[in-house]
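1. the sequence and its predicted three-dimensional model are supplied below.
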Amino acid sequence: MSVKPPPTRPGMTEPLRLREFRLLLTGFIVGQSMMPLQFVASIAWIQFVADDSVEIIMVGAIGTIRGLGMIGFGLFGGALADRFDRRRLLMVTQAVAFISNILIAVVMWTGSGTTTDLIIFFALTVVASSAHAIDGPTRNAITPEILGPRLTPSGIALNAAAMQLAMPISIFASGLLIDHLGHGTVFAISAFGHLGEVLILAMMSYRTVFSAAHIAARQGQGAGQAVRDIVAGLRYARSKAVILWTVVIVVLMMSLIMPPTGTLGPQWVTTVVGATWSQFSYIAVFWGGGAMVASLVLVRFSWIERKGMLTALGVIVMALGFVVFTNPPTVLNAMLGNALLGIGMSTAMVSANATLAHETPNEMRGRIMGLVFLGMGIAQAVGLPLGAVAQSLTMETLFPPMSFVVLAILAAIIVLRPVILRARVPQHPAELTLQPAQTTRTVLNGAATFILRAAPNKARS
């Protein structure tokens, strides 16, 4: 068997040489690229059936209900990812998402916005968002296990880049399809993306590799054991300053910026800015386009070790996007703001995930990644209270000054907690690249050898 030293800097497409990663990535694109269709169709349906006096509150409620599902299952999903085969867990969550979203489409087809219709709609939304909360940390835990430490930053950036290549198309199509096909049909089309992902995941030969000690320690069953697993994950995150503050800054970024620009963003564009749903498609595509450009740049320069610096930069750029998006409310500002929001979010999330993957051992990785998705859940959950305040004060009164306050808060945290800026993900030139003729199982076992190394005990500060 011949081996050769790998290049110090991984190539842009080097992770794609592994069949398991190609399948994981393809499934991710198929399933997740449909998410914008679901979100925009939900908002359009609520606007169609809700009374004008509560319209903003009801749109905010969509985010809150989705957020409650993600909060309730985010940490639990990370614990599941550290106990069971991650591929099978992904297949289950995607199957649940498919069924629940098909049922939501039926509600949109047959319902007229009665109280019963809304209760069923929001209940199914909780189920779908709960599946997404389990899916996210599980998928992020698989990538380092397949690729090993040297290729993980490239793989995470490729995940983001592939998603952003598909998302602008999905966002652009959402408003046009809603205008021509209706809310229910668009939602039903999007649901089949989850079914496609199940079929792709079934083709993978990957199985989760845990250490013998971890397998012996996880024999406990039931809710009590799940709670203990979650507590252990929180303690681990708290013990390492770089993990703790990377999670904190990302969670705050999502919680403070996503509700006004994401959850209520379509409402802002279609009411305050005055765009139609078709025009919204052209405006919203700038978010996906900005994120796509940033992701491709991060793939190209995945070898950069200063991931903490990139995380902080992404946070500040996203906050600036919020400022531009709302000051003043014009079509041009909405486009430019969306571009900055996409660039900043992609940069911050990719860099933060690479840092967390590097700092966390395989047996703990699902729970740590679950903390990031907990932040996404909080961001969604803020939608209802923020919508209530915006309904009372009006969005044009609330959002512009709020954007400057958010920028100041995030900048202050980065300055006061320099451990965020100091986070590094070093390259691993000593790791050997295996020849393509070797089997997938050999590749996975080789990667696992590096991943299952003991975690450093000393907390970085």
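-> Arrived safely, thanks for sending.

2. can you count the residues close to T110?
-> For T110, the neighbour count with other CB atoms under 10 Å is 9. No exception for glycine: its C-beta is placed from N, CA and C like everyone else's.

3. how close does it sit to I120?
-> 10 Å (CB to CB, to the nearest Å).

4. also A61?
-> Distance of A61 to I120, given as CB to CB: 14 Å.

5. show me which of the two is the more surrounded one.
-> Legend: neighbour count by other CB under 10 Å for A61 and I120, higher for A61 (21 against 16).

6. so who does that one touch?
-> Taking CB atoms under 8 Å, 6 or more residues apart in numbering as the criterion, A61 is in contact with I46, F122, G383, L384, G387.

7. does it count as helix, strand or coil?
-> When classified by DSSP: H, G, I helix; E, B strand; the rest coil, A61 comes out as helix.

8. before we move on, what about G184?
-> In three-state terms, and counting by three-state DSSP, G184 is helix.

9. thought it was touching W109?
-> Yes. Checked against CB atoms under 8 Å, the pair G184 and W109 is within contact range at 3.9 Å.

10. and the closest residue to Y206 other than its chain neighbours, what helix or strand is that in?
-> Closest residue to Y206 apart from its sequence neighbours, by CB to CB, 6 or more residues apart in numbering: E20 at 4.6 Å. Element membership for E20 (DSSP states H and E) is helix 19-32.

11. quick check: buried residues in that helix?
-> By 16 or more other CB atoms under 10 Å, the buried positions in helix 19-32 come out as 19-21, 23-32.

12. output the lowest mean pLDDT helix or strand found in this protein.
-> helix 440-451 (a mean of 38; mean pLDDT, DSSP states H and E).

13. which stretches in the stretch 51-200 of the chain count as helices?
-> Taking DSSP state H, counting those that start in this stretch as the test, the helices found in the stretch 51-200 of the chain are 55-81, 86-110, 115-147, 152-181, 183-201.

14. could those go into CSV alongside mean pLDDT and distance to L341?
-> As requested, those are exported to CSV (pLDDT from 0 to 100; distance: least, CB to CB, whole Å):
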stretch, mean pLDDT, distance to L341
helix 55-81, 75, 16
helix 86-110, 90, 25
helix 115-147, 83, 20
helix 152-181, 74, 12
helix 183-201, 87, 22
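
15. who touches P328 in this structure?
-> By CB under 8 Å, 6+ apart, the residues touching P328 are P400.

16. phi first, then psi, for it.
-> When read as degrees, to the nearest 10, the backbone of P328 gives phi -90, psi 180.

17. rewinding a little: quick one: which two of the buried residues of helix 19-32 are the most distant?
-> Put simply, by CB to CB the two of the buried residues of helix 19-32 set farthest apart are R19 and Q32, 20.3 Å from each other.

18. number of nearby residues for T114?
-> T114, neighbours per other CB under 10 Å, totals 10.

19. that one and A188: what is the separation?
-> Taking CB to CB, one finds T114 at 21 Å from A188.

20. same question for P401.
-> 41 Å.

21. more crowded one of the two?
-> A188 (20 against 11).

22. more neighbours: G184 and W109, which one.
-> G184 (18 against 13).

23. what's the closest non-adjacent residue to that one?
-> Of all residues not flanking G184 in the chain, M108 sits nearest, at 3.5 Å (CB to CB, 6+ apart).

24. hmm, S190 and that neighbour touching each other?
-> No. Counting by CB under 8 Å, M108 does not reach S190; the two are 11.6 Å apart.

25. all helices for the stretch 301-450 of the chain, in order.
-> So, for the stretch 301-450 of the chain - with DSSP H, counting those that start in this stretch - the helices run 307-326, 331-359, 362-381, 383-393, 395-416, 419-422, 440-451.

26. quick one: the fifth one to chain centroid distance?
-> Helix 395-416 has its C-alpha centroid displaced from the chain centroid by 22 Å (CA atoms, centre = their mean, to the nearest Å).

27. and it, which residues are buried?
-> Using 16+ other CB under 10 Å as the test for burial, helix 395-416 gives M395, L398, F399, P400, M402, S403, V406, L407, L410, I413, I414.

28. which of the residues you listed sits closest to L103?
-> Set against L103, the nearest of those by CB to CB is M395 (31.4 Å).

29. ok, which pair from the contacts of A61 is furthest apart?
-> Farthest apart among the contacts of A61 by CB to CB are F122 and G387. That separation is 14.1 Å.

30. the more surrounded of these two?
-> Using other CB under 10 Å, the more surrounded residue of F122 and G387 is G387, with 27 against 20.

31. please report the distance of the residue nearest to Y206 from G193.
-> 21 Å.

32. what does T311 give?
-> T311 is 29 Å from G193, by CB to CB.

33. who has more neighbours, the two?
-> For T311 versus G193, neighbours defined as other CB under 10 Å are more numerous around T311 (28 against 24).

34. and that one, what does it touch?
-> Contact analysis of T311 by CB under 8 Å, 6+ apart lists T246, I249, V250, T347, A348, S351, A352, T355, I420, A423.

35. among these, which one lies nearest to M369?
-> A352 (10.2 Å).

36. how near is that closest one to F39?
-> From A352 over to F39 the distance is 22 Å, taken as CB to CB.

37. more neighbours: these two, which one.
-> A side-by-side neighbour count of A352 and F39, using other CB under 10 Å, places A352 first with 28 against 21.
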